[in-house]
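**Student:** Fold the following and give me the result.
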Amino acid sequence: MRRGQAVFLSLLAALFFPVVPAAAAPAVKVQPSKTGVKLYVGGQLIAAFRTPNGSLSPEGRANLAAERLRTLLLGDDLGREAVEVRDRGENSAVYLGGMLLMIATPEEAKERKEKPRATAERWAVNLKAALGPGKKVAAKNGEKATRPAKSAKTTPARKSSRKATLAADPAVTVPLEETREVVLRGTAEGPITVRTEGDAVLAQPVEGKAAVEVRGVSVGSAVVRVVRGGVETGFTVTVKKYAGRVSSVPEASVTGSVAPVSLVRKVAAERALEGVERQPGASVKISGPAEGARAIGRGDSVEVSYPVTISGEGLLTNKTTARVRVANIVLPRQEAGTLLYSNDPESVREYGTLYEGLVDHRAPVRLLFHHQNRMGRAFTFQIHLTNPDDAPVDVQVIEADAGPFIDPLQAGHRAAQRYLSAVAEDVGYVTRIPARSSRLVYVARMPHLDTVSGIYNFRVVSGGSLVAQIRALTEISAPELREDLVEVASSEPHTYPAPTKDLEYKYAVGDRWTFVHMGRQAITGRRVNRKLFGNYGVMYDINVDLSNPTDEEKTVRIVLAPEAGWARGAFLIDGKLIEAPQVAPPSEAVLWSVKLAPQQRRKVRIQGIPAGGSAYPVSLVVRS
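**Tutor:** As a prediction, this is how the structure comes out:
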């Protein structure tokens, strides 16, 4: 036969007797890109993996999904109707024929500014479009299959010669001393046998399931080999320790008739991580807002919880919850026995220590600080309580601070106003200072010319004396535990015993006005030659006996009269907080008034404290 005739006959045979192609699953490919590692089926984009999931990188996740798809599509009878989305806790996942394909994590969804469910549903829609209807569904509905049809002659032969399949996730991570089930996929049937290469895990078949139970017994890796129906598969198991765990519930204490929710949150946040045990090199952080915090009265308690994340290189990240029990304890009322006065220098012009005073364990101590930055640059103002003893000290802290403000008078006034409200109700917290260590109780970044002011109470509940250290530094720094620390603090000249004045006055309508002087008679320090002019930080507790001996109703007023310059005032008058406006001589400010019926008598209680920034002395004038 000539060559031309052979070619013609070949073309004629191809025309009338076409070759029937063998059925094949659509091609599954993985391709890295700038926007993530992409997964394709039959040339169509299914998903892009942008974030890791546990120990799997985005590329590892894409390859794992591709391997699962190739295994499940071998049978060539799964189509779009076999695709579904299921929720798995905080994740959502895509399944094919009931088998897990890929997981949409919260981190993955966050990249798209959506929920994991929305991400998984998008992946599922793409996969359905790529697969089309399954063979059985297409035949039932009379549809044309999306993949090449198989001839009736070849189909039985292919089915009878098809080899059984067996597969599992190629890489599994198991926490130390915990178990996980690894699901087996494929068409293989019959008993399951397991062998392990390595000492990190113990593995055994799960009775009644196509699965293998793996338990981590030591940190490391092992390979698990599985045989079923004459077919073998394997997977690698990595055993890791958790980066840490929550092992206890710390307890924190607050005080006061009602401890506000802000204070409850503050002390809970400071103690939240104390109940966390961490592996070497691991870190822990609070990863969300507090839950359960509320204001609590005396004798009441509440449990506050925080979401925490414990992580570390080569360790399993543990996202868990840390809890703190906050209780409002009752302390018997006790007046301050000493005033520590930190105002020298008032204008800070260089870095260093501004004040060191002794917090005597025998009676509460009141600390007033008032400083302005004149350094020409910002500095970090900080107050530490230092414990020089070999045993821990529990101390109650009542805090009232203000600033930094550009206006010194405003800073001092706000601190006094907050202090009067807090100390009247004994609102504070109890903190423990370990042996030979310190605790930061206040810090503020102070710009040039700004002023910070505050009045604090420190009361040792158990243990020895402390030292209050006030410093202006470039950054927060724990103070040095010097040998002479207690000696220096004990000899601080600006230390004043008995910083409370209890005064009794009378006023009768028609008599001469009553003048209550605040800050005029200076208290004396531990050194007799040391006077505190203005009595800043001294608590005045004043009782005035009012009477109206006339036959007419009369109005009695209490007026603030400044004497030395611009001043403000914060007072508790019969338990109500009164704030005076800023005034200077000869102006006055009415603080309070009351109408007295004929022959009526009554008492009024006034509590006030000269505040930093204001010019004291001032007078309270009682008149009708």
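**Student:** Going by C-alpha atoms from here, please, whenever you check contacts or count neighbours.
**Tutor:** Fine.
**Student:** quick one: low-confidence ranges for this protein?
**Tutor:** Residue ranges of the chain with pLDDT under 70: 1-24, 75-76, 135-161.
**Student:** At which residues are the helices of it located?
**Tutor:** Counting by DSSP state H, the chain has helices at residues 3-16, 58-72, 106-110, 116-131, 135-141, 154-161, 261-271, 408-424, 485-490.
**Student:** I'd like to know which of those lies nearest to Ala47.
**Tutor:** Nearest of these to Ala47, taken as C-alpha to C-alpha: helix 116-131 at 5.6 Å.
**Student:** Out of the helices of the chain, which gets nearest to Tyr540?
**Tutor:** Checking the helices of the chain against Tyr540 by C-alpha to C-alpha gives helix 408-424 as the closest, at 10.9 Å.
**Student:** List the buried residues of the closest one.
**Tutor:** 408-423 (16 or more other C-alpha atoms under 10 Å).
**Student:** One more: stretch 436-444?
**Tutor:** Buried residues in stretch 436-444, counting neighbours by 16+ other C-alpha under 10 Å, are found at Ser437, Ser438, Arg439, Leu440, Val443, Ala444.
**Student:** what pairs with the first one across the strands?
**Tutor:** Read that as Ser437. Beta bridges link Ser437 to Asn387, judged by DSSP bridges.
**Student:** quick one: contacts for it?
**Tutor:** Contacts for Ser437 were tallied using C-alpha atoms under 8 Å, 6 or more residues apart in numbering; they are Thr386, Asn387, Pro388, Leu481.
**Student:** What is the burial count for the first one?
**Tutor:** By that I understand Thr386. 28 (other C-alpha atoms under 10 Å).
**Student:** repeat for the third one
**Tutor:** By other C-alpha under 10 Å, 23 other residues sit near Pro388.
**Student:** distance of it from Gly463?
**Tutor:** 11 Å (C-alpha to C-alpha, to the nearest Å).
**Student:** ok so, going back, could the helices of the chain go into TSV alongside distance to Val94?
**Tutor:** Converted to TSV, the helices of the chain look like this (distance: least, C-alpha to C-alpha, whole Å):
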stretch	distance to Val94
helix 3-16	43
helix 58-72	10
helix 106-110	14
helix 116-131	6
helix 135-141	20
helix 154-161	28
helix 261-271	39
helix 408-424	57
helix 485-490	66
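**Student:** Select, out of these, the one closest to Gly79.
**Tutor:** Closest of these to Gly79 is helix 116-131, at 5.2 Å (criterion: C-alpha to C-alpha).
**Student:** Send over the closest one as PDB, restricted to the C-alpha atoms.
**Tutor:** Only the C-alpha atoms of helix 116-131 are listed here, as PDB (Å, rounded to 0.1, in the frame of the first residue of the first chain):
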ATOM      1  CA  PRO A 116     -15.000  32.300  58.500                       C
ATOM      2  CA  ARG A 117     -18.400  31.000  57.200                       C
ATOM      3  CA  ALA A 118     -18.400  33.500  54.300                       C
ATOM      4  CA  THR A 119     -14.900  32.500  53.300                       C
ATOM      5  CA  ALA A 120     -15.700  28.800  53.400                       C
ATOM      6  CA  GLU A 121     -18.900  29.300  51.400                       C
ATOM      7  CA  ARG A 122     -17.000  31.200  48.700                       C
ATOM      8  CA  TRP A 123     -14.500  28.300  48.400                       C
ATOM      9  CA  ALA A 124     -17.400  25.800  48.300                       C
ATOM     10  CA  VAL A 125     -19.100  27.800  45.400                       C
ATOM     11  CA  ASN A 126     -15.900  27.800  43.400                       C
ATOM     12  CA  LEU A 127     -15.400  24.100  44.000                       C
ATOM     13  CA  LYS A 128     -19.000  23.300  42.900                       C
ATOM     14  CA  ALA A 129     -18.500  25.200  39.700                       C
ATOM     15  CA  ALA A 130     -15.200  23.300  39.000                       C
ATOM     16  CA  LEU A 131     -16.700  19.900  39.600                       C
END
